[in-house]
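Visitor: sequence and predicted structure, then a few things I'm wondering about:
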Amino acid sequence: MPGAEESGSAGRRDGIPPRIVPILYFALAHAALLTALAVAALRPGEASGFFYQPRMVALVHLVTLGWITASILGSLYVIGPMALRTPMPAGRADGIVWLLFAIGFSGVASHFWINAYGGVGWAALLALGAVLHVGMRALLGIRSAPVQSAVKLCLALANLNILLAGGFGILLAFDKAHPFLPARELGSVFAHAHLSAIGWVGMMVMGTGLRMLPMILPSAMPKTRRTVAGALVTELGVVGLFVALLFGSPAAGIFALLITAGFGIFLSQVGWMLRNRRPPPAGHPRPDLGVWHAVQALTYLVVSLGLGLILVFSPESELTYRLAPLYGVFGLLGFYGQLVVGVETRILPMFAAYYANRSACQVGPVIKPHQMTSRPLQWVIFLLWTAGIPLLGAGMSLPSASLVRSGASLLLFAALAMTVNSVLILRHAISTSPPSSRRTESVRESAL
């Protein structure tokens, strides 16, 4: 467990992220992704065919709850102090919360795998409590932070949405074991999935992206008025879509258009950032593969929005059955997944640099973040990820077990390379003393 010393005043004063807790979350996230991809590669039949069956749902939760959500929680401990000006000191309680999340998410996936829905519900209670603990800590800390109001709004909406989505998912699990809900089963599942994916992850992307994308590109910081409008439009759309899917209302199409408009506003902000680029850090390698991951992610966002509109406005047919898995793969792995990879490419070296440069500013040279990563591994990750997503999507859409195996295998090797690269980076963060404030500022300036 992390020690209580990480909650000291130094972390608050210097904006230094805690050392152990983020690493625990990132390790858990990588383990979940590796497990999901290994199963898909070795047993492609579990990831092809009709998507609403227990083992497929188990794999989806390994990706969404295990990888994406664990990555978000670990990132909040890092970007809170670094980018959001929000102290996130960690003590023993945070280690216990991490353990509860690990037990909870693994319990959700394993009980789905064995078709034991009562166990899913109880395990999800642990996972949801841990997510809310970290999310609310970030939200309470950011209230007085000198960051844009749009960031605070998005974090507040994200926490509200995960409370609603997680709570409803728990009800669905208990209902599956002992039916008591009147709503349509598939409609309820779709409603839960979209509220989780768009309301929780999507809103986090909008809020933290306003601060992180200018750091990754790098670019000028955009104005926030559009982001506030985009967040409100998206929230109206995702809540309305949740209700419409729940009751099978034809109004689902209207709310899907609102979500598309909200993300369109977000993409217009990204376009503004691209038009207002800033010089990259000195010595930073070219091309910047983290930026390339982000660009691919936003491309998949546009494609996913288009597929979603086709699905919501089209009657059920062979075409919609084929497009639905493609929509899921492109949205979860293409958009959210690529963003996780791109953001980790930048924040993990910055995080490790804080601890690698722990001595006084005048003692030895600063180890710059980009010097900690393996350039060959970055290329392997990018190329395998680029090739693996369309193959996996095609395999699940057709369905074709051989294509699923091929796509999952490429992504598995990409995930293994990511894990090795992360270990190479994070070993610099394992030290016995925190970085000094002067050295921290030096690293911050060199990284940004």
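Guide: Done, it's in.
Visitor: going forward, measure contacts and count neighbours with C-alpha atoms only.
Guide: OK.
Visitor: from memory A414 sits against W385, does it?
Guide: Yes - shown here, A414 and W385 form a contact pair, counting by Cα atoms under 8 Å, at 6.1 Å.
Visitor: tell me which element the closest residue to G248 other than its chain neighbours falls in.
Guide: In this structure, G248 finds its nearest non-sequential neighbour in G187, 6.6 Å apart by Cα to Cα, 6 or more residues apart in numbering. For G187, the host element (DSSP states H and E) is helix 185-194.
Visitor: now do the SS call for the spatially most central residue of the chain.
Guide: Taking Cα atoms, centre = their mean, the centroid of the chain lies closest to I68, which sits 3.7 Å from it. Under DSSP: H, G, I helix; E, B strand; the rest coil, I68 falls in the helix class.
Visitor: please report how far it lies from S48.
Guide: As for I68, its distance to S48 is 21 Å (criterion: Cα to Cα, to the nearest Å).
Visitor: cool, I96 as well?
Guide: For I96, the distance to S48 (Cα to Cα) stands at 37 Å.
Visitor: do P54 as well
Guide: Counting by Cα to Cα, the gap from P54 to S48 is 12 Å.
Visitor: quick one, which of these two is more surrounded?
Guide: A count of neighbours by other Cα atoms under 10 Å puts S48 above the other of P54 and S48, at 24 against 19.
Visitor: okay, now the unreliable bits of the stretch 151-300 of the chain?
Guide: 183 (pLDDT under 70).
Visitor: return the list of helices and strands in contact with the longest helix anywhere in the chain.
Guide: As assigned by DSSP state H, the longest helix anywhere in the chain is helix 149-177. Under the contact definition 3 or more Cα pairs under 8 Å, 6 or more residues apart in numbering; DSSP states H and E, helix 149-177 sits against helix 117-142, helix 185-194, helix 203-216, helix 225-247.
Visitor: OK, contacts around R226?
Guide: 265-266, 269 (Cα atoms under 8 Å, 6 or more residues apart in numbering).
Visitor: just the ones of those residues in helices?
Guide: 265-266, 269.
Visitor: go ahead and confirm F413 touches L384.
Guide: Yes - F413 is within contact range of L384, at 7.3 Å (criterion: Cα under 8 Å).
Visitor: what is the nearest of the contacts of R226 to L309?
Guide: For the contacts of R226, the minimum distance to L309 (Cα to Cα) is 16.9 Å, reached by I265.
Visitor: do you know how far that closest one is from A127?
Guide: Taken as Cα to Cα, the span from I265 to A127 is 32 Å.
Visitor: strands of the protein, start to end?
Guide: Per DSSP state E, the chain carries no strands over any range.
Visitor: nearest residue to T35 other than its sequence neighbours?
Guide: L62 is the one closest to T35 (Cα to Cα, 6+ apart), at 7.7 Å.
Visitor: could you report the distance from the one you found to P325?
Guide: Using Cα to Cα, one gets 16 Å for the distance from L62 to P325.
Visitor: one more: R225?
Guide: The gap separating R225 from P325 is 35 Å, by Cα to Cα.
Visitor: do Y25 as well
Guide: Distance of Y25 to P325, given as Cα to Cα: 28 Å.
Visitor: mind checking how far L153 is from I425?
Guide: From L153 to I425 the distance is 32 Å (Cα to Cα).
Visitor: neighbour count: those two, which is higher?
Guide: Between L153 and I425, counted using other Cα under 10 Å, the more crowded position is I425 (24 against 19).
Visitor: residue contacts, the more buried one?
Guide: Contacts of I425 (Cα under 8 Å, 6+ apart): 348-349, 352, 372-373.
Visitor: likewise G331?
Guide: Contacts for G331 (Cα under 8 Å, 6+ apart) come out as 300-301, 304.
Visitor: now with 10 Å?
Guide: Under the criterion of Cα atoms under 10 Å, 6 or more residues apart in numbering, the neighbours of G331 are 197-198, 297, 300-305, 307-308, 325, 337-338.
Visitor: compare R225 and P325 (neighbour count), which wins?
Guide: The neighbour comparison of R225 against P325 (other Cα under 10 Å) goes to P325, with 24 against 11.
Visitor: these two touch, right, the residue nearest to T35 and L33?
Guide: Yes - using Cα atoms under 10 Å, L62 makes contact with L33 at a distance of 6.6 Å.
Visitor: give me the common contacts of these two.
Guide: Both L62 and L33 are contacted by I68, under the criterion Cα under 10 Å, 6+ apart.
Visitor: more neighbours, the two?
Guide: Higher neighbour count among L62 and L33: L62, with 26 against 21, using other Cα under 10 Å.
Visitor: so how far is R405 from the more buried one?
Guide: Separation of L62 from R405 (Cα to Cα) stands at 17 Å.
Visitor: cool, I425 as well?
Guide: 30 Å.
Visitor: can you check V270 too?
Guide: Distance, V270 to R405, by Cα to Cα: 34 Å.
Visitor: okay, these two: which has more neighbours?
Guide: Shown here are V270 and R405; by other Cα under 10 Å, R405 has more neighbours (27 against 21).
Visitor: please list all residues in contact with the more buried one.
Guide: So R405 contacts 37-45, 47-48, 388, 391-392, 395-396, 411 (Cα under 10 Å, 6+ apart).
Visitor: on that earlier part again, comparing I265 and A127, which shows the higher neighbour count?
Guide: Remark: of I265 and A127, A127 carries more neighbours, 26 against 20, as counted by other Cα under 10 Å.
Visitor: return the distance of the nearest residue to A158 once chain neighbours are set aside relative to A231.
Guide: Once flanking residues are discounted, A158 sits nearest to W200: 4.5 Å by Cα to Cα, 6+ apart. Distance, W200 to A231, by Cα to Cα: 12 Å.
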